[in-house]
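Peer 1: here's my sequence, what's the structure:
(2 chains)
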Protein chains: 2
Amino acid sequence: MIVDTLAIVGTGLIGGSFALALKQAGAVGEVLGAGRSPAKLTLARELGLIDRAVDWKQAGQADCILLALPVGDTGSVLKQLAPHLKPGAIVTDAGSTKASVVEAARAALGARFADFVPGHPIAGSELSGPGAARADLYQGKRVVLTPQADTRADALATVRLLWETAGALVETLDAVQHDRIFAAVSHLPHLAAFALVDALAQRADGETFFRFAAGGFRDFTRIAGSSPEMWRDIALTNHEALLNELDAYLATLQTLRLAVSEKDGDALLNIFSRARAARENWIETQDS
Amino acid sequence: MIVDTLAIVGTGLIGGSFALALKQAGAVGEVLGAGRSPAKLTLARELGLIDRAVDWKQAGQADCILLALPVGDTGSVLKQLAPHLKPGAIVTDAGSTKASVVEAARAALGARFADFVPGHPIAGSELSGPGAARADLYQGKRVVLTPQADTRADALATVRLLWETAGALVETLDAVQHDRIFAAVSHLPHLAAFALVDALAQRADGETFFRFAAGGFRDFTRIAGSSPEMWRDIALTNHEALLNELDAYLATLQTLRLAVSEKDGDALLNIFSRARAARENWIETQDS
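Peer 2: Next up, the predicted model:
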């Protein structure tokens, strides 16, 4: 057993899967669940993700508390939790942006900030909610932790061990570097997919158009099925890095636009070939 | 048997799968293969996609000839084929754009244009070449035919029957309408995916970034693994409709950019929610 009592704040896909994996591994004793939605907590208990639903006061008595919420809620939840934290309790999170989470945690936790381990599991699905949770969600997936200079070493070690026990490959990164990287490889692609679907949906004859959309469109837009609230928060909390990536993407699209309008086949072939080669290289590293 | 002799010009994924499906169904007698690459023709014969490789003269003696080539090659191939077409031979194609194909065919075939049935199977894969061909590629997939006022009715009927025998659902559309629709649901998404991968690949620290790319990125960029030559030709031959779609997409991205830079959470939530709802509606119609 790694911790006696684990509390999950936000018992959806991410929090529920973490709890399930650790229960199956025998790494936790009791799992508590907290959150705003009584219906979600009831469902989480029925599905065996948590043993019982608790309030902030009880949640603060757990040995380790995972926040699995839209990142915009991190500060307000930590403020409610802070007065109830028992000595030595470790707090961690699963938010997709890290610099703003670190800032919010520092403001909310004060002297207890050393017990906070910022984290981001690179796993998910366009499905959400307790019903989507599964014990193997993190198997072989990366989890990035972004500890600060004053993060307690043993808190970091415990959180790392919990994720590894859930099957994940844990890495540490600087929080700002994390946000730059994920703006490019995750946040921008989500915005691009939402924009693509919306541009189509906004047209008067959109239905005719959708009727002919095929497999490529389905793949390309899968991530536009993700939670709008979650992605609003990500876009807001990582807006600087995201704007940089958006501008780089807009510039590449403008280059393509120019090549199309000037019927410059060589330029198009150049960009398409470079992109395909880069993707193939990437796929090879993924499969190895 | 629908036709005694079928000729396939371009024995890759699209042409090879058409031949395999019709052979399996007993709908064709002999299948001839033509094309620029001797190696590809040899492979196609070894794989049983075609019975023998032939030159333009022999290909013109087939009852039905399918062009399955990058659309940019349509005109030059038809010009070479035209003098050899036997009376009554039907010519059809599988190009992803149609207005430019119709124009090229009219110029190349002259009086024989009535025997040309423009077509576009909405099926494919990021794989290509003879080795990727499979008999079930068109099972349940749409095929769009864009007959012109002077297209021979019995030629249209035969091509329709061949595709239906291969398992496809055949629809007819106006060629210009076809190009507008596919600019939006296929051509633009491909450009957007190529641009996204290229924007990432162009950075100095691209490798670090790719290391953290996950499933969403893989799905979103799958179509950036498609043939650069094929997509160059599509972008060039459908450039007007594609520019319109690119501009609509750029406008939506600029709206999103503004919302991100002004931290306008409501506007972001609005767009993301609308896009998710539109995609969910679409998925429902796909599954039914």
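
Peer 1: which residues does stretch A:55-65 contact?
Peer 2: A:3-9, A:32, A:34, A:80-81, A:83-86, A:88-92, A:158-159, A:162 (Cβ atoms under 8 Å, 6 or more residues apart in numbering or on different chains). Glycine gets a C-beta too; all of them are placed from N, C-alpha and C.

Peer 1: check these for burial and list the buried ones.
Peer 2: A:3, A:5-9, A:32, A:34, A:80-81, A:85, A:89-92, A:158-159, A:162 (16 or more other Cβ atoms under 10 Å in any protein chain shown).

Peer 1: mind checking which of the residues you listed are in strands?
Peer 2: In this view, the buried ones among the contacts of stretch A:55-65 that belong to strands under DSSP state E are A:3, A:5-9, A:32, A:34, A:90-92.

Peer 1: chain B contacts on the stretch 1-150 of chain A?
Peer 2: With Cβ under 8 Å from any Cβ of the partner chain as the criterion, the stretch 1-150 of chain A comes near chain B at residues A:72, A:122-124, A:141-142, A:144.

Peer 1: stretch A:238-249 near chain B at all?
Peer 2: Yes - against chain B, stretch A:238-249 shows contacts by Cβ under 8 Å from any Cβ at A:239, A:242-243, A:245-249.

Peer 1: any low-confidence regions in chain A?
Peer 2: Along chain A, segments meeting pLDDT under 70 span A:126, A:287-288.

Peer 1: again, only this time at 50
Peer 2: Confidence mapping of chain A against pLDDT under 50 gives the ranges A:288.

Peer 1: run a quick neighbour tally on the residue in the stretch 1-150 of chain A positioned nearest to chain B.
Peer 2: Closest to chain B within the stretch 1-150 of chain A is A:Ile122: 4.8 Å, counting by Cβ to the nearest Cβ. Burial measure for A:Ile122: 21 neighbouring residues, criterion other Cβ atoms under 10 Å in any protein chain shown.

Peer 1: contact partners for it?
Peer 2: Taking Cβ under 8 Å, 6+ apart as the test, what A:Ile122 contacts is A:141-144, B:212, B:214.

Peer 1: nearest spatial neighbour of it, chain-adjacent residues omitted?
Peer 2: A:Arg142 (4.4 Å; Cβ to Cβ, 6 or more residues apart in numbering or on different chains).

Peer 1: what bridges to the one you found?
Peer 2: A:Arg142 has these beta-bridge partners by DSSP bridges: A:Leu169.

Peer 1: what about it, neighbour count?
Peer 2: 17.

Peer 1: again, but for A:Glu164
Peer 2: By other Cβ under 10 Å, the residues close to A:Glu164 number 16.

Peer 1: didn't it look like it was pressed against A:Val170?
Peer 2: Yes - A:Glu164 lies in contact with A:Val170 (Cβ atoms under 8 Å); the separation is 5.8 Å.

Peer 1: quick one on the thing from earlier: now the residues of stretch A:238-249 next to chain B as CSV including neighbour count and secondary structure?
Peer 2: As requested, these are exported to CSV (neighbours: other Cβ atoms under 10 Å in any protein chain shown; DSSP: H, G, I helix; E, B strand; the rest coil):
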residue, neighbour count, secondary structure
A:His239, 21, helix
A:Leu242, 27, helix
A:Leu243, 16, helix
A:Glu245, 26, helix
A:Leu246, 25, helix
A:Asp247, 12, helix
A:Ala248, 20, helix
A:Tyr249, 23, helix
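
Peer 1: ok, now how distant is A:Val159 from A:Pro121?
Peer 2: Note on A:Val159: its distance to A:Pro121, by Cβ to Cβ, to the nearest Å, is 11 Å.

Peer 1: strands of the stretch 51-200 of chain A, start to end?
Peer 2: A:52-53, A:64-67, A:90-93, A:116-117, A:119-121, A:142-145, A:169-172 (DSSP state E, counting those that start in this stretch).

Peer 1: identify, from the ones in strands among the buried ones among the contacts of stretch A:55-65, the entry nearest to B:Thr208.
Peer 2: Nearest to B:Thr208, judged by Cβ to Cβ, of these is A:Thr92 at 24.0 Å.

Peer 1: tell me which residues touch that closest one, please.
Peer 2: A:Thr92 is in contact with A:64-67, A:116-119, A:159, counting by Cβ under 8 Å, 6+ apart.

Peer 1: skip the chain neighbours and tell me the closest residue to A:Pro121.
Peer 2: A:Val143 (4.7 Å).

Peer 1: phi, psi for the residue nearest the centre of chain A please.
Peer 2: Nearest to the mean C-alpha position of chain A, by Cα atoms, centre = their mean, lies A:Ser96 at 3.7 Å. When read as degrees, to the nearest 10, the backbone of A:Ser96 gives phi -80, psi -10.

Peer 1: contact partners for it?
Peer 2: A:Ser96 makes contacts with A:71, A:120, A:182, A:186-187, A:230, A:234, A:238, as judged by Cβ under 8 Å, 6+ apart.

Peer 1: would a markdown table of the residues you listed with neighbour count be doable?
Peer 2: Below are the contacts of A:Ser96 laid out as a markdown table (neighbours: other Cβ atoms under 10 Å in any protein chain shown):
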| residue | neighbour count |
| --- | --- |
| A:Val71 | 24 |
| A:His120 | 26 |
| A:Phe182 | 27 |
| A:Ser186 | 25 |
| A:His187 | 25 |
| A:Met230 | 21 |
| A:Ile234 | 28 |
| A:Asn238 | 26 |
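
Peer 1: from the residues you listed, which land in helices?
Peer 2: Under the assignment DSSP state H, these contribute A:182, A:230, A:234 to helices.

Peer 1: return the distance of the last one relative to B:Gly167.
Peer 2: Distance from A:Ile234 to B:Gly167, counting by Cβ to Cβ: 42 Å.

Peer 1: please apply the same query to the first one.
Peer 2: Look at A:Phe182 and B:Gly167: by Cβ to Cβ, they are 42 Å apart.

Peer 1: among the contacts of A:Thr92, which pair sits farthest apart?
Peer 2: Using Cβ to Cβ, the contacts of A:Thr92 span at most 14.1 Å, a distance reached by A:Cys64 and A:Pro118.
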